[in-house]
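# Any chance you could fold what I've pasted below:
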Amino acid sequence: MRFAMITLLALAAAVAPRAPISAADGYAGQQARAIKALASEDVADLLAGRGMGLAKAGELNHYPGPAHVIELRDKLDLTPGQLSAVQASFERMSAAAKPLGAELIERERALDRAFADGTVTGDTLADATAAIGALQGRLRAVHLVAHLETRAVLTPAQIARYDTLRGYSDVTLGPSEPSPHHHHGG
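Numbering: from 1, shown residues only. Okay, the predicted model is just below:
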């Protein structure tokens, strides 16, 4: 009986009339952006070398991010050696991410300009989007490498504490759980 009720409710939701799409839906207001594909916050984040969620694969699988570990250093009881190693990783990441972010902005600006000028062709579009995609991949790798490096200097207890402090503690540690022998603190 319960299954039939759930099925009936799901069917009713599927066939319920939807509100019509209005002209204001979509990208209204974004046409005034300097680079249509990037919000001003995106540009600022790219120039500052911020992660923008690019390292979620690490962050949400028990590979802490260096910026957050530095912020939480007291609550994680980092040793001076650990703090130094995490800060060095953050600095390497930032130094590599900022120029990639700036280049990505310029590539997006050029693509936007090609559309605005009406000069875009199939070939130039393919080249531009391939270059943008490659830059996005490189930028993501830079951020994920910093998560790898950070995890390598933390103890399993610190990683578990980090996950709790960041609100991820309700997730059971899986295959990426640090082994009891994993410890490079110092």
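# Please enumerate the helices of this protein.
2-15, 40-48, 56-59, 66-71, 80-117, 122-153, 156-165 (DSSP state H).
# Including mean pLDDT, distance to Gly29 and mean neighbour count, could these go into CSV?
No exception for glycine: its C-beta is placed from N, CA and C like everyone else's. Shown next, in CSV, are the helices of the chain (pLDDT from 0 to 100; distance: least, CB to CB, whole Å; neighbours: other CB atoms under 10 Å):
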stretch, mean pLDDT, distance to Gly29, mean neighbour count
helix 2-15, 46, 31, 9
helix 40-48, 95, 12, 15
helix 56-59, 97, 27, 17
helix 66-71, 98, 31, 20
helix 80-117, 97, 16, 17
helix 122-153, 97, 23, 17
helix 156-165, 97, 37, 18
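# Nearest residue to the middle of the chain?
Centroid-nearest residue in the chain: Gly53, 1.6 Å away (criterion: CA atoms, centre = their mean).
# how near is that residue to Arg140?
Distance of Gly53 to Arg140, computed by CB to CB, to the nearest Å: 10 Å.
# Just give the nearest non-adjacent residue to Arg92, would you?
Closest residue to Arg92 in three dimensions, ignoring its sequence neighbours and counting by CB to CB, 6 or more residues apart in numbering: Ala146, at 7.1 Å.
# Pretty sure that neighbour sits against Phe90.
Yes. In this structure Ala146 lies within contact range of Phe90 using CB atoms under 8 Å: 6.6 Å.
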